[in-house]
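Participant: please find the sequence and the predicted model below.
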Amino acid sequence: MEILIQRITRMMPLVTIVPIKFPGSPYYQALRTAEKLDSYIRSMITQKRAQTETTDVLASLIHANDEDGKSLSDEELIGHTFTLFVAGHETTANALTWTIFLLAQHPHILANLLDELDYILHGNAPTIEQLRQLPLLDGVIKESLRLLPPASIGTRITATSCELKERT
């Protein structure tokens, strides 16, 4: 698994510059590696569904429901799991580091954020419901990600055709 992730990470610069699918090309190799990773993740999902007592991240994703009671589809599970494998560690660390750096530059916002956290959480870990009651935290994180994204280069492929419009 780790070798597959390293291979994809190493190929990404070439893949984004020359996204041409022919045997031997970096793009083709990346697609083949992604197919292997997809197959591996699908087998992990199948195994986790059979286990009832696990509490790891994948098990949590499998058992998660939105407000309407809908759970993640297999494709969504694969996408989230792939992201966690490929980019979850370094980008999370970068995002947290830059957020703390920015808060250190703006002590009044840090003080307000600590007040908000103390008022809502009382020193406890947040629940999902409580996260919705933390607008300053939400804003701080979003602004930090906007100013200093942890992974500023990335490619995406749309699932269906779309048209982009110019912002006014």
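Facilitator: Cool, got the structure.
Participant: and the pLDDT for the residue of the chain positioned farthest from its centre?
Facilitator: In the chain, counting by Cα atoms, centre = their mean, residue 23 sits farthest out from the average C-alpha position, at 30.0 Å. pLDDT recorded at residue 23 is 80.
Participant: give the buried residues for stretch 115-133.
Facilitator: 116-117, 120-121 (16 or more other Cβ atoms under 10 Å). Using the backbone N, CA and C atoms, a C-beta is placed for each residue, glycine as well.
Participant: among these, which are located in helices?
Facilitator: Applying DSSP state H to the buried residues of stretch 115-133, the entries found in helices are 116-117, 120-121.
Participant: model confidence over the longest helix along the chain, on average?
Facilitator: Counting residues, the longest helix found in the chain (DSSP H) is helix 74-105. The pLDDT scores in helix 74-105 average 86.
Participant: thinking again about what came up before, just the element for the residue farthest from the centre of the chain, please.
Facilitator: Using DSSP states H and E, no element contains residue 23; it sits outside every helix and strand.
Participant: can we start the residue count at 6 from this point?
Facilitator: Let's use 6 as the start, then, which means that last one is residue 28.
Participant: state the distance from it to residue 83.
Facilitator: Using Cβ to Cβ, to the nearest Å, residue 28 is found at 25 Å from residue 83.
Participant: what do you get for residue 26?
Facilitator: The spacing between residue 26 and residue 83, counted by Cβ to Cβ, is 21 Å.
Participant: now for the closest residue to residue 70 other than its chain neighbours, how many residues are close by?
Facilitator: Distance criterion Cβ to Cβ, 6 or more residues apart in numbering; nearest residue to residue 70, sequence neighbours excluded, is residue 76 at 5.4 Å. Counted with other Cβ atoms under 10 Å, the neighbours of residue 76 add up to 12.
Participant: test my guess that residue 76 contacts residue 68.
Facilitator: Yes. Taking contacts as Cβ atoms under 8 Å, residue 76 lies within contact range of residue 68: 7.4 Å.
Participant: just to revisit the earlier point, counting by contacts, list what the longest helix of the chain packs against.
Facilitator: Applying 3 or more Cβ pairs under 8 Å, 6 or more residues apart in numbering; DSSP states H and E, we find helix 79-110 packed against helix 7-22, helix 31-55, helix 62-68, helix 112-126, helix 140-152.
Participant: could you list the buried residues of the third one?
Facilitator: By neighbour count on 16+ other Cβ under 10 Å, the buried set for helix 62-68 is 63-64, 66-67.
Participant: and it, how far out from the chain middle?
Facilitator: For helix 62-68, the separation from the chain centroid amounts to 14 Å (computed by Cα atoms, centre = their mean, to the nearest Å).
Participant: same for that helix, what does it pack against?
Facilitator: In this structure, helix 62-68 makes packing contacts with helix 31-55, helix 79-110, judged by 3+ Cβ pairs under 8 Å, 6+ apart.
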